[in-house]
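Novice: sharing a model prediction with you, sequence too.
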Amino acid sequence: MNGIYSRDGSAAFNQKLHLTLVNIADDVERALEGNLVSLVLGGGYGRGEGGVVLRHGQEKPYNDLDFTLIVIRKLGLPLDRLADISHSFAKSLGIHVDFSRPLTLRDVEHWPCWLMWYDLLNGHVVLKGFPDVLTKHAPQSLQTPLPAIEGTRLLLNRGAGLLWALRVSRRIEEPPDEDFVRRNYYKCSLALGDALLIAYKRYTTQYTGRDGLLSDLELDEPSVAALQLQNMYSEALQFKFRPDSVSSDTKREADLKVLAEVWGSVFLQVERMRTGLSWGSLEEYTRWKGIREDDQHAISLIPRNLVRNLQAGRMSWRYPREPLYRLLPVLLGLVNNQVTDWSNASARFLKVWDRFN
């Protein structure tokens, strides 16, 4: 088990977090009573790059703890006991403690080539079970560069976070926490460079050194250099490692709108790169009725898509996330289309996004 969870945290911080993780793992093992195959820590702390902040002179974790549960049987899990473990440690740590939906080894063997599985495979700590549980069972396809659609999906997700932050800044809804807007601003900023690295097949799971990868990409690709992302990306990386080393000033609506403009430029470039099509503007892109996520439209998945759309009160064979790619640039104010009721339209968007994210 690795004892380094934050590259910017002190030895004492990492040791304290390590002991906490050991206690969480022991509690989960007891709760599952022989049904646990492995408990895997992913996210920033699983990569050894988790965020740390000073609060009242003490180092505290900043990011969520993201655990992947691998079990023998999915049925009969003591979800209430897992919820109690999550709540208890979240209260003491001051961060979210999240357990994934349970997976079997067969699930791991059939992971699709998605960013979330790629990052987990290439940046994790096994807290219980065999240390090679993921490297032994994950499909070989996750050892190859990610498909470009993963850059598009990442931009959709971080653009949705930006849209949510806009709703908070406009006081349409309350923030889930006091740092919500600032955190989503920097997560979106980081995603701009990451999506380009994915599209150009230069992405790596480790955040350390990614600014250098983006710099190299800018040298090789003038169209990427023209986006002028380097300063924004470097600041976002700094926030990722040490949030309190970046200005604590609240990000205003004007800041979010400027970021949205950059998001739109990157999104359009990634989609041009991915599809080989040459839309002249985001407005042209939003009129394109082609399929974005081919893997969600295999013939075997069409019945599922029809059912999920019928449940939402509409008729369509397309995966419900598909319309979001065309709608998000509109809601972010990047095209001339007028939204008559932005508050309700953005709420509906986020509801679908959350359901199918």
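Specialist: Structure's in. What do you need? Just so we're clear, the structure is a prediction, and the values are computed from it rather than from any experiment. Residues are numbered from 1 along each chain as shown.
Novice: separation between residue 306 and residue 312?
Specialist: With the distance defined as Cβ to Cβ, to the nearest Å, residue 306 ends up 11 Å from residue 312. In short, each C-beta sits where N, CA and C put it, glycine included.
Novice: is it true that residue 17 lies in a helix?
Specialist: Yes. The assignment for residue 17 by DSSP: H, G, I helix; E, B strand; the rest coil puts it in a helix.
Novice: what strand or helix carries the nearest residue to it once chain neighbours are set aside?
Specialist: Take residue 17 and drop its neighbours on the chain: the residue closest to it by Cβ to Cβ, 6 or more residues apart in numbering is residue 5, 5.1 Å away. Under the criterion DSSP states H and E, no helix or strand holds residue 5.
Novice: just checking, residue 5 touches residue 45?
Specialist: Yes. The pair residue 5 and residue 45 passes the contact test of Cβ atoms under 8 Å, sitting 4.1 Å apart.
Novice: what do these two both touch?
Specialist: The overlap between the contact sets of residue 5 and residue 45 (Cβ atoms under 8 Å, 6 or more residues apart in numbering) consists of 17, 125.
Novice: re the thing from before, next up, the contacts around the residue nearest to residue 17.
Specialist: Residues in contact with residue 5, defined by Cβ under 8 Å, 6+ apart, are 14, 17, 18, 21, 45, 46, 48, 50, 125.
Novice: you'd agree the first one is up against residue 20?
Specialist: Put plainly, it is residue 14. No. With contact taken as Cβ under 8 Å, residue 14 and residue 20 are classed as non-touching, separated by 10.7 Å.
Novice: who has more neighbours, these two?
Specialist: A count of neighbours by other Cβ atoms under 10 Å puts residue 14 above the other of residue 14 and residue 20, at 21 against 17.
Novice: how close does the more buried one get to residue 45?
Specialist: Counting by Cβ to Cβ, the gap between residue 14 and residue 45 amounts to 9 Å.
Novice: hey, what's in contact with both of those two?
Specialist: With Cβ under 8 Å, 6+ apart as the test, residue 14 and residue 45 both reach 5, 6.
Novice: can you map out the strands along the chain?
Specialist: 36-41, 52-55, 58-61, 65-71, 97-99, 125-128 (DSSP state E).
Novice: can you redo these as JSON lines with distance to residue 111 and mean neighbour count?
Specialist: Listed next are the strands of the chain as JSON lines, based on distance: least, Cβ to Cβ, whole Å; neighbours: other Cβ atoms under 10 Å:
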{"stretch": "strand 36-41", "distance to residue 111": "13", "mean neighbour count": "23"}
{"stretch": "strand 52-55", "distance to residue 111": "30", "mean neighbour count": "16"}
{"stretch": "strand 58-61", "distance to residue 111": "27", "mean neighbour count": "17"}
{"stretch": "strand 65-71", "distance to residue 111": "11", "mean neighbour count": "22"}
{"stretch": "strand 97-99", "distance to residue 111": "18", "mean neighbour count": "18"}
{"stretch": "strand 125-128", "distance to residue 111": "16", "mean neighbour count": "20"}
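Novice: what's next to stretch 111-123, contact-wise?
Specialist: Stretch 111-123 has contacts (Cβ under 8 Å, 6+ apart) with 40, 42, 46-49, 68, 134-135, 138-139, 141-142, 144, 146-147, 150, 153-154, 198, 204-206, 295.
Novice: what's the domain layout of the chain?
Specialist: Domain assignment of the chain by automatic domain parsing yields the ranges 11-143, 149-356.
Novice: verify the stated contact: residue 44 with residue 65.
Specialist: No. Contact between residue 44 and residue 65 fails when scored by Cβ under 8 Å: they sit 9.4 Å apart.
Novice: let me see the contact set for residue 31.
Specialist: If you count contacts by Cβ under 8 Å, 6+ apart, residue 31 has them with 78, 81, 82, 85.
Novice: and those residues as CSV, adding pLDDT, distance to residue 211 and neighbour count?
Specialist: As requested, those are exported to CSV (pLDDT from 0 to 100; distance: Cβ to Cβ, whole Å; neighbours: other Cβ atoms under 10 Å):
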residue, pLDDT, distance to residue 211, neighbour count
78, 93, 43, 15
81, 95, 42, 15
82, 95, 37, 19
85, 96, 37, 19
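Novice: of all those, which comes closest to residue 299?
Specialist: Ranking those by separation from residue 299, with Cβ to Cβ as the measure, puts residue 82 on top at 36.7 Å.
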